[in-house]
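S.K.: A structural model of the following input is requested.
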Amino acid sequence: MPYSKTDETAINTIRTLAVDATFAANSGHPGAPMGMAPVAHVLFNKFMTFNPKNPDWLNRDRFVLSNGHGCMLQYALLHLFGYALSIDDLKHFRQVDSITPGHPEAHDTPGIEVTTGPLGQGVANAVGLAVAQAHTAAVFNKPGYDLVSNYTYCFFGDGCMMEGIASEACSAAGHLQLGNLICIYDDNHISIDGDIKCAFTEDVSKRFEAYGWHVQHVDDGDNDLEAIEAAIAKAKEVKDKPSMIKLRTTIGYGSKLEGTGGVHGNPLKADDVKQLKEKWGFDPEKTFVVPQEVYDMYHKHAAEGAAAEQEWNKLFEKYASEHKDLAADLKRRLAKELPEGWQNKLPSYKPSDAAIASRKLSETVLEAIHDVLPELMSGSADLTGSNNTRWKNAVDFQPPNLNIGDYSGRYMRYGVREHAMAAMMNGMCAYGTIIPAGGTFLNFVSYAAGAVRLSSLSHQRVIYVATHDSIGLGEDGPTHQPIETLAHFRALPNMMVWRPADGNETSAAYYMALTSKGTPSILALTRQNLPQLEGSTLEKGIKGGYVALEDKEADVTLVSTGSEVSLCLEAVKTLKEQNLKARVVSMPCTEVFDAQPKDYQLSVIPDGIPTMSVEVMTTLGWEKYSHEQFGLNRFGASGPYKKVYEKFEFTPQGIAKRAKLTVDFYKDVKPLRSPVNRAFQQLI
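M.R.: Numbering: from 1, shown residues only. Predicted coordinates:
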């Protein structure tokens, strides 16, 4: 059907809503929404299938706005199509406690799939969503039952293309032949610094062709709706490649400042708003106006989406009668519930068991639980043999035509792409049917920090398997040995950072990571072997901290994590030779320990006794749990790991020496408050 005057009115309504909202907020980015309104109109009204009354319907098409600063484009669309986003919500754009924040946030706004804002993240999220769709379809679709057939659409801009994470993710998507992914490049030639010719002159189309994408170019994204529609339709026909449509647009189309950086990050001036409303047939004295014909057009399409969901529900009912177990599994996954009794598969250990590196203990957990947790997808950023993230009979997630796996596979080969791995996992998790786990060295989780932060912000149940967790990795030296990393991620809200000391604590870390539906986890794991602790259990570990060795007459408490816990237990023997008694606390996860009742925390780190923390990393943050800190506030060293530990005196003797100094320093301080008590006082 040819485009009509109503289509033009709808496009200009999107533009004026973006202009009015940014003007009212005196903040925001009107330029991108004004330039991309035509393609958004065509995509949402002609191609996308969704039901605004049920934003969580599984088979909806996904939309990601990677250039998230242009979010008034998306908010306007969500309102116009009938999502739970009122005109008042648009009027409160960028205001405190509104559901229209300055960048899209999945947990604030119905219809927002993933949290974007830092440029390039959304592109990588979209790749993850496409991976999840391909995998879910491969697992659940059966002849006559295409339950999972949605597309993922993504808008991105010049800024996204300049960010390295987009290169990583798009390279991966090309290799994976994700024909369900269609990305539209807003080629408006403007970034914050102005015309991109000052910094970005590459041929983006050739770049995507080299990645293995299907590439098209639409010259007039401002007006040529037929060409936009034809390009998207052609992209949908390509099943063995992701598609990129380079769309030439004019940023701030219609403004006096169109095509310039002046309309990128600033609201329009009042006289500019007036002239463009007059140009488009709107009353310049009125704001947030939506002609009824626009509501009618978009609500008609929304009703078609609701009808499509109803048909899908009927299909699923029939599917459930023929594929009962698969239907039950899919419903369980969508409810974010784990299979009953899965935790009984978690390994347990006794002190007489062999010393094992916690990266190997993690592998044992994955080997034990992968059959009972079919939604668990593991992977690694080209460190499979080091991270130990692959169970023995795992099948790789790969394009079927490569004959090295298929889309039903549950092991991801991310390549040397840590940042993209993290952001792809955010998208995979957001799809709703997968719990992703991905491995790299702990030090290189810092490479992925932008996406890790968004895991926390957007409440994604993502698991980072972070091995080689300290100077204990030895010979690779300071470039690979994390010092500040744990302090960084412990400071991140809504993140669990686990550093288990033995097998039971490793099982506890996985138990908490998998049962915490809205919190990601980092598991910091050793390269070197660790003995199984006396008295450790999963039940103790899931409290985040517990007494590993008690002595009611102790002179000092040693609180530690990971590989240093067993060193502290050895240091107790050295202190005994010096007529000093010590108790030892294992603290595998400070965030979980902080959530315990105060009386429990004080039973672990009590008043009246000095406490010293021991961890072979920065001491920053340990003031909350100890009076004195023994750590490493410098970079490490290269050499065999035992020699490196000796160099920095992380030995039973070195720990005992500092513990004695701590006892001597505090022996006349009466009464001595626990750091935990002090922390509670500060909160009050």
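
S.K.: Might you report the residue contacts of Ala106?
M.R.: For Ala106, the contacting residues are 112-115, 430, 458-459, by C-beta atoms under 8 Å, 6 or more residues apart in numbering. Yep, even glycine has a C-beta here, placed from its N, CA and C like the rest.

S.K.: next one: phi and psi at Val365?
M.R.: The phi/psi pair for Val365 (degrees, to the nearest 10) reads phi -60, psi -50.

S.K.: and the gap between the residue lying closest to Met48 once chain neighbours are set aside and Val19?
M.R.: What sits nearest to Met48 in space, not counting adjacent residues and going by C-beta to C-beta, 6 or more residues apart in numbering, is Asp61, at 4.3 Å. Taking C-beta to C-beta, to the nearest Å as the measure, Asp61 falls 27 Å from Val19.

S.K.: So which of the two has more stuff around it?
M.R.: Legend: neighbour count by other C-beta atoms under 10 Å for Asp61 and Val19, higher for Val19 (28 against 20).

S.K.: Run through the stretch 551-684 of the chain and note the low-pLDDT ranges.
M.R.: Across the stretch 551-684 of the chain, the ranges flagged by pLDDT under 70 are 679-684.

S.K.: where exactly do the strands run in it?
M.R.: Under the criterion DSSP state E, counting those that start in this stretch, the stretch 551-684 of the chain contains strands at 556-560, 582-586, 611-614, 628-630.

S.K.: wait, what's in contact with Val365?
M.R.: Shown in contact with Val365 (C-beta under 8 Å, 6+ apart): 346-347, 506-507, 510.

S.K.: at 10 Å what do you get?
M.R.: Neighbouring residues of Val365 by C-beta atoms under 10 Å, 6 or more residues apart in numbering: 345-347, 391, 465, 503, 506-507, 509-511, 514, 523.

S.K.: now, which of these lie within strands?
M.R.: Of the contacts of Val365, the ones assigned to strands by DSSP state E are 465, 523.

S.K.: for the contacts of Val365, which one is nearest Ala308?
M.R.: Set against Ala308, the nearest of these by C-beta to C-beta is Leu514 (33.2 Å).

S.K.: The closest one is in contact with Lys345, isn't it?
M.R.: No: under the criterion of C-beta atoms under 10 Å, Leu514 makes no contact with Lys345, lying 11.1 Å away.

S.K.: out of the two, which sits in the more crowded spot?
M.R.: More neighbours surround Leu514 than the other of Leu514 and Lys345, with 22 against 16 (other C-beta under 10 Å).

S.K.: ok, which stretches of the stretch 1-150 of the chain are helices?
M.R.: Secondary structure of the stretch 1-150 of the chain by DSSP state H, counting those that start in this stretch: the helices cover 5-25, 31-42, 71-81, 87-91, 121-140.

S.K.: list the buried ones in the first one?
M.R.: The reference is to helix 5-25. Neighbour counts over helix 5-25 (16 or more other C-beta atoms under 10 Å) mark 7-25 as buried.

S.K.: tell me the average confidence for that helix?
M.R.: The average of the pLDDT scores along helix 5-25 is 98.

S.K.: now, which of the contacts of Val365 sits nearest Glu163?
M.R.: Val465 (24.8 Å).

S.K.: excluding its backbone neighbours, what's nearest Thr6?
M.R.: Of all residues not flanking Thr6 in the chain, Glu293 sits nearest, at 5.2 Å (C-beta to C-beta, 6+ apart).

S.K.: My read is that that neighbour contacts Thr9, right?
M.R.: Yes: at 6.4 Å, Glu293 and Thr9 qualify as touching, with contact defined as C-beta under 10 Å.

S.K.: ok, now which ones touch the residue nearest to Ala199 when sequence neighbours are not counted?
M.R.: Leaving aside its sequence neighbours, Ala199 sits nearest to Asp193 (C-beta to C-beta, 6+ apart; 6.6 Å). By C-beta under 10 Å, 6+ apart, Asp193 lies in contact with 199-200, 261, 264.

S.K.: Now intersect those residues with the strands, please.
M.R.: For the contacts of Asp193, not one is inside strands, with DSSP E as the criterion.

S.K.: Give me the buried entries from the residues you listed.
M.R.: Neighbour-count burial (16+ other C-beta under 10 Å) is assigned, among those, to 261, 264.

S.K.: of the contacts of Asp193, closest to Gly439?
M.R.: Using C-beta to C-beta, Phe200 comes nearest to Gly439 of the contacts of Asp193, at 32.9 Å.
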